[in-house]
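3D, please:
(one chain, ligands or ions: 1)
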Amino acid sequence: MVYDTIVGIATLQGMSALNIIRVSGSEAISVVNAVFKGKNLNDVPSHTIHYGHIVDEVGVIDEVMVSVFREPKSFTGENVAEISTHGGSLIPNKIISLLIEKGCRLAENGEFSQRAFLNGRIDLTQAESIMDMISAKTDAQLRLATKGLQGEIKDLIRRVQDDILDLLSQIEVQIDYPEYDDVVHLTQAVLLPQLNVLQANLDTLLQKSNTGKVIRDGIRTVIVGKPNVGKSSLLNRLLREEKAIVTEVSGTTRDLVEGEWNLGGILLRLIDTAGIHETADLVESIGIGRSKKALEEADLVLLVLDQSQKLTKEDLRLLDWTQNKPRIIIGNKVDLGKNVDLTAEKMIDVSALTNVGIDTLEKEVKRMFVDEKIFADHGVLLSNARHIGKIREARSSLNGAISTCDAGLPVDLVEMDLRQAWEHLGEITGQCGADTLIHSLFSKFCLGK
Ligand code: GDP
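So this is what the prediction gives:
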C-alpha cells in the first residue's frame, strides 16, 4: 500500500543533546536522501546507520546520523529514515521544514503508531501500551505497559478467543453436517461444562483487571471528614507540599484538590474534599456534591476524625457512609489529646501538625495495597478501560449462551451468543469480523477428507 510520507520529531524538544526526526512512508528514504550529503541512502541496506550532513541550497544545516529501515521490517511497516540531529529546537525545525518542502507532510499525533497498527506491525493492545509506557510515572506502571507492548495481553485474550472458536467450530459442524458422525454430538451435558470453563477464564481476566487498573491509574484515595478536622493539613503532609489551603475558618476547602503520592511504586491519587455536611452556602454545596461523587468512586477512603474532641453526629454519619469501602480511619490532632475511642475499629493516631503517626499511616496503606494486592500478582494484568469493557461485554454474551444452553434451547441459539463473545474479544486482539471467523473456522475443521 502506498502512503504519503510523514515527518515528525520523536524526541522531546528543548535543551537536549540530540533529537530524532522520524520520516515514514513510501518515499521516506529518497526524500531524506535528497537533503543528505554522504552515502547514497537509496543504495544502502536496511537496518544500517550512516554519517553525513543535512544540507539545503545555502549550506550545511547539521551533522547527522541517518538510520535506514526498509519496508516491511520497520516500526511502521513502511520505509523509515530516522535522522539523529543535534538538540535544541532550531535545527530540528529547519530540517523538518526542509523535508516538508521536499514533499513530506507533518505527522499528526500518534500517526506513526497508527500506521504501525494499520500495517499490522502492532495490534491495538500494543498501540495502547505505547501510550501507557510514555505516560508511566512509576516502575509498576512501566512494567505493566511493557507487558502490553510485548503482546502478553493479546496472547492471554486470544487464548480464550481460540477456545471459543473451538466450540464454535464444533457447533457449526453439527448444524451444517448432522450426518457427519465422527464429531462429538453436542448435547447440553457436553456444552454446558465447556461454557462454564470459558466464563471462569473471563472472570479471572476481570479479577486481574482491577489490580492492573490500580497500577495504571493509581489508587483513587479520597480524604473525607467534617470541616476543620485537618484534612488539608494531612494532604499537605502526605504530599510534602502546600497544595490545599489551610485556614481556621470552618469549610475552607471548597474544591477537590488532587495530588499524587508515590508510595513504594504505587501511585495514590489523593483527593481532598470539601467537608461532607449539609450547608446553606451554595458554592460550598457544589463542592460537597462533588465530594459525594468522589467518595463513591474511591478505591480507598481516608476518613479523618478530630480525636481531641468527642465524635459528633457528622462523624458517625461518615463512619456509616464509608463502612463498605476500603478505608482507613485516622484520628488526627493526637497532639491535643485522645477523646475518641473506636473499640470495634482500628484507628491510626496521627498529628498532621507534628508529623506523629504519618509513617504508621504509610505502612498501613502499603499493607493494604502494595504488599497484599499488587505484588502478590506477577501475572499479566489488564489495565485498559476499553479492554476491560470489552471483556465484560464478552462475559455477558457468554452468560447468554449459558442461559440458552441451560434452558435446553437449540444449539444454533447458543452459537449466536458465542459468536458475539468471540467478536467482543476480537475488538481487543484485532481478530474479528465475519470473514476472519469463517476463515478460522475452516482452518480448524477440514471437512473435505
Ligand atoms: P480541614 O477543614 O479538615 O481541611 O482542616 P484543616 O487542615 O484546614 O485544619 C483545620 C485547623 O486544624 C487548622 O488550624 C490546622 O492547623 C489545625 N490542625 C490540623 N491538623 C492538626 C493537628 O494534627 N494538630 C493540631 N493541633 N492542629 C491541627
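
tell me the domain ranges of this protein?
6-121, 217-374 (automatic domain parsing).

can you list the residues that contact stretch 417-430?
Stretch 417-430 is contacted by residues 123-125, 153-154, 157-158, 160-161, 164-165, 167-168, 171, 198, 386-387, 390-391, 393-395, 397-398, 400-401, 404, 432-433, 436-437 when judged by C-beta atoms under 8 Å, 6 or more residues apart in numbering. C-betas here are computed from N, CA, C, even on glycine.

Weed out the non-buried ones from these.
Among those, those classed as buried by 16 or more other C-beta atoms under 10 Å are 123-125, 153-154, 157-158, 160-161, 164-165, 167-168, 171, 198, 387, 390-391, 393-395, 397-398, 400-401, 404, 432, 437.

Among those, name the ones in helices.
124-125, 153-154, 157-158, 160-161, 164-165, 167-168, 171, 198, 387, 390-391, 393-395, 397-398, 400-401, 404, 437 (DSSP state H).

hang on, isn't Ser24 packed against Ala10?
No: applying C-beta atoms under 8 Å as the test, Ser24 and Ala10 come out as separate, 10.4 Å apart.

Pick out whichever of those two has more residues nearby.
The neighbour comparison of Ser24 against Ala10 (other C-beta atoms under 10 Å) goes to Ser24, with 30 against 15.

who's in contact with the more buried one?
Taking C-beta under 8 Å, 6+ apart as the test, what Ser24 contacts is Tyr3, Thr5, Ile6, Ser74, Phe75, Thr76, Glu78, Asn79, Val80, Ala107, Phe112, Arg115.

And the residue lying closest to the second one once chain neighbours are set aside, what's its pLDDT?
In this case it means Thr5. Of all residues not flanking Thr5 in the chain, Gly25 sits nearest, at 3.0 Å (C-beta to C-beta, 6 or more residues apart in numbering). pLDDT, Gly25: 94.

got CSV for the domains of the chain, with distance to the ligand too?
Shown next, in CSV, are the domains of the chain (distance: least, C-beta to the nearest ligand atom, whole Å):
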stretch, distance to the ligand
domain 6-121, 37
domain 217-374, 3
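
Including distance to Arg419, could the ones you listed go into JSON lines?
Listed next are these as JSON lines, based on distance: least, C-beta to C-beta, whole Å:
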{"stretch": "domain 6-121", "distance to Arg419": "24"}
{"stretch": "domain 217-374", "distance to Arg419": "32"}
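
ranking those domains by mean pLDDT, which is last?
In terms of mean pLDDT, the lowest-scoring of the domains of the chain is domain 217-374 (a mean of 76).

related to what we said a few turns ago, would you mind telling me which of the domains of the chain is nearest His185?
For His185, the closest of these is domain 6-121, at 38.9 Å, according to C-beta to C-beta.

What is the end-to-end distance of the closest one?
This stretch, domain 6-121, spans 17 Å end to end (C-alpha to C-alpha, to the nearest Å).

Report the distance from it to the chain centre.
Centre-to-centre, domain 6-121 and its host chain are 30 Å apart (C-alpha atoms, centre = their mean, to the nearest Å).

before we move on, what about stretch 226-234?
That offset, for stretch 226-234, works out to 32 Å (C-alpha atoms, centre = their mean).

export that stretch as PDB, just CAs?
The C-alpha trace of stretch 226-234 is given here as PDB (Å, rounded to 0.1, in the frame of the first residue of the first chain):
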ATOM      1  CA  LYS A 226     -16.200  17.100  58.700                       C
ATOM      2  CA  PRO A 227     -14.800  20.600  58.400                       C
ATOM      3  CA  ASN A 228     -11.700  21.500  60.400                       C
ATOM      4  CA  VAL A 229     -10.600  18.000  61.400                       C
ATOM      5  CA  GLY A 230      -7.300  18.600  59.500                       C
ATOM      6  CA  LYS A 231      -7.900  17.000  56.000                       C
ATOM      7  CA  SER A 232      -6.000  19.700  54.100                       C
ATOM      8  CA  SER A 233      -3.200  19.700  56.700                       C
ATOM      9  CA  LEU A 234      -2.900  15.900  56.300                       C
END
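
Can you mark which positions in that stretch are buried?
Lys226, Pro227, Asn228, Val229, Gly230, Lys231, Ser232, Ser233, Leu234.

Please apply the same query to stretch 345-354.
Buried, per 16+ other C-beta under 10 Å, within stretch 345-354: Met347, Ile348, Asp349, Val350, Ser351, Ala352.

got the contact list for it?
230, 233-234, 236-237, 305, 307, 319, 328-335, 338, 340, 356-358, 360-361, 364.

Let me know the next secondary structure element after the strand or helix carrying Ile348.
Following DSSP states H and E, one finds Ile348 within strand 347-349. Next in sequence after strand 347-349, counting helices and strands by DSSP H and E, comes helix 358-365.

Can you give the contact residues for that next one?
So helix 358-365 is in contact with Thr221, Arg237, Leu238, Leu263, Leu268, Leu300, Ile328, Ile330, Ile348, Asp349, Val350, Ala352, going by C-beta under 8 Å, 6+ apart.

That concludes my questions; thank you for your assistance.
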